[in-house]
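**Student:** here is a sequence with its predicted model. Questions after.
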Amino acid sequence: MSDAVLRATHLTKRFGGLAAVNDVSVDLQRGRIHAVIGPNGAGKSTLTNLLSGDIAPTSGEVMLGGRDVTGWTPERISRAGLGRSYQKTNIFQPFTVWENVRLAAQSRAPHAARWLSRAAGFAPTNEAAERAIELAGLQHRKSAVSGTISHGEQRQLEIAMTLATSPQVLLLDEPLAGMGTAEAERMVQLLLRIKPGHAIMLVEHDMDAVFALADQLTVMVNGQVIASGTPAQVRADAGVQSAYLGEEEH
Ligand SMILES: Nc1ncnc2c1ncn2[C@@H]1O[C@H](COP(=O)(O)OP(=O)(O)OP(=O)(O)O)[C@@H](O)[C@H]1O
């Protein structure tokens, strides 16, 4: 697996006496979705925060595109090619869908270009925004005010804003949370569309979606990886059945 775009090795994060993430290693490869599942408190959000640089590990390292990014700020890691969706918190509700996505794309424009360009006249930025909106399936909502679109569309917008920064790696934190069946299906299709060009880590509680999307599955319990492999391997794992998947069936 030498072609990993992101490789985290032996990551540990301690909060006082609690090892929220305990010796966890994950690889993310282009064109593949690596799902991380586990019960509440398993350490999935902490792992995501370690990869994005939002928190620094107690030990272990994170390599992104062949560079050691351990301890880098989130902004620097983001510029190095990692995009992370933040559950609607980055959306400016009064702005249109287009304005939100274009602002996200503009944050990636070279510094000089940002100041020299007029609001609607910088072609590469507009192209990145157009492409992101199309991939996210929001063309028909471009001029809608973001605060007025549905919950599912806001989640699509959040992903469009992340895509607009042209990341190689995407960390997606529960993109299907709070969705009905139709919205969830739309999001699954969106994720399949963006999969070919990106290395994706998906943290998600919706097991139907996880098994529909994941090429690789890592199961965490109490900060530790208890199983990792293909969805079929993980489904067949007796330890996973009793520690986690079994719970879903009750
Ligand atoms: N900043 C913090 N300080 C202290 N403990 C923390 C902190 N962040 C997380 N924890 C603890 O670390 C453990 C893992 O939490 P984390 O949020 O990563 O789990 P999770 O798998 O994302 O759960 P969920 O599915 O509910 O989001 C939990 O016991 C949590 O209480």
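**Tutor:** Received it, and whenever you're ready, just let me know what you need.
**Student:** how is the chain partitioned into domains?
**Tutor:** As assigned by automatic domain parsing, the chain contains the domains 1-81+167-250, 90-166.
**Student:** what would those look like in TSV with mean pLDDT?
**Tutor:** Shown next, in TSV, are the domains of the chain (pLDDT from 0 to 100):
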stretch	mean pLDDT
domain 1-81+167-250	92
domain 90-166	87
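**Student:** including mean neighbour count, could those go into JSON lines?
**Tutor:** To be clear about C-beta, it is placed using only N, CA and C from the backbone, and glycine gets the same treatment. As requested, the domains of the chain are exported to JSON lines (neighbours: other CB atoms under 10 Å):
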{"stretch": "domain 1-81+167-250", "mean neighbour count": "18"}
{"stretch": "domain 90-166", "mean neighbour count": "18"}
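**Student:** out of those, the one nearest the ligand is which?
**Tutor:** Closest approach to the ligand among these is made by domain 1-81+167-250 (3.2 Å; CB to the nearest ligand atom).
**Student:** report the contact partners of Gln241.
**Tutor:** By CB atoms under 8 Å, 6 or more residues apart in numbering, the contact set of Gln241 is empty.
**Student:** tell me the secondary structure for it?
**Tutor:** Assigned with DSSP: H, G, I helix; E, B strand; the rest coil, Gln241 falls in the helix class.
**Student:** Gly178 and Ser146, how far apart?
**Tutor:** Per CB to CB, to the nearest Å, Gly178 is found 17 Å from Ser146.
**Student:** picking up where we left off before, need the domains of the chain in CSV with distance to the ligand, can you?
**Tutor:** Formatted as CSV, these follow (distance: least, CB to the nearest ligand atom, whole Å):
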stretch, distance to the ligand
domain 1-81+167-250, 3
domain 90-166, 16
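**Student:** can you give me the strands for this protein?
**Tutor:** Along the chain, the segments classed as strands by DSSP state E run 4-15, 18-29, 32-37, 59-64, 67-68, 82-84, 169-173, 199-203, 216-221, 224-229.
**Student:** just checking, what packs against the second one?
**Tutor:** This points to strand 18-29. strand 4-15, strand 32-37, helix 44-52, strand 59-64, strand 199-203, strand 224-229 (3 or more CB pairs under 8 Å, 6 or more residues apart in numbering; DSSP states H and E).
**Student:** any chance of the ones you listed in JSON lines, with distance to Ala209 too?
**Tutor:** Formatted as JSON lines, these follow (distance: least, CB to CB, whole Å):
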{"stretch": "strand 4-15", "distance to Ala209": "22"}
{"stretch": "strand 32-37", "distance to Ala209": "9"}
{"stretch": "helix 44-52", "distance to Ala209": "15"}
{"stretch": "strand 59-64", "distance to Ala209": "26"}
{"stretch": "strand 199-203", "distance to Ala209": "8"}
{"stretch": "strand 224-229", "distance to Ala209": "18"}
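**Student:** give the contact list for Leu157.
**Tutor:** Going by CB under 8 Å, 6+ apart, Leu157 touches 91, 97, 100-101, 136, 138, 141, 146, 149.
**Student:** looking at those, which is nearest Leu50?
**Tutor:** Among the contacts of Leu157, Ile91 lies closest to Leu50 (CB to CB), at 24.7 Å.
**Student:** got the contact list for the closest residue to the closest one other than its chain neighbours?
**Tutor:** Nearest residue to Ile91 in three dimensions, chain neighbours excluded: Ser146, at 5.3 Å (CB to CB, 6 or more residues apart in numbering). By CB under 8 Å, 6+ apart, the contact set of Ser146 is 91-97, 100, 154, 157.
**Student:** again with Asp237
**Tutor:** The contact partners of Asp237, taken as CB under 8 Å, 6+ apart, are 219, 227, 229.
**Student:** rerun at 7 Å
**Tutor:** Counting by CB atoms under 7 Å, 6 or more residues apart in numbering, Asp237 touches Ala227.
**Student:** tell me the spacing between it and Phe95.
**Tutor:** When distance is defined by CB to CB, Asp237 is 46 Å away from Phe95.
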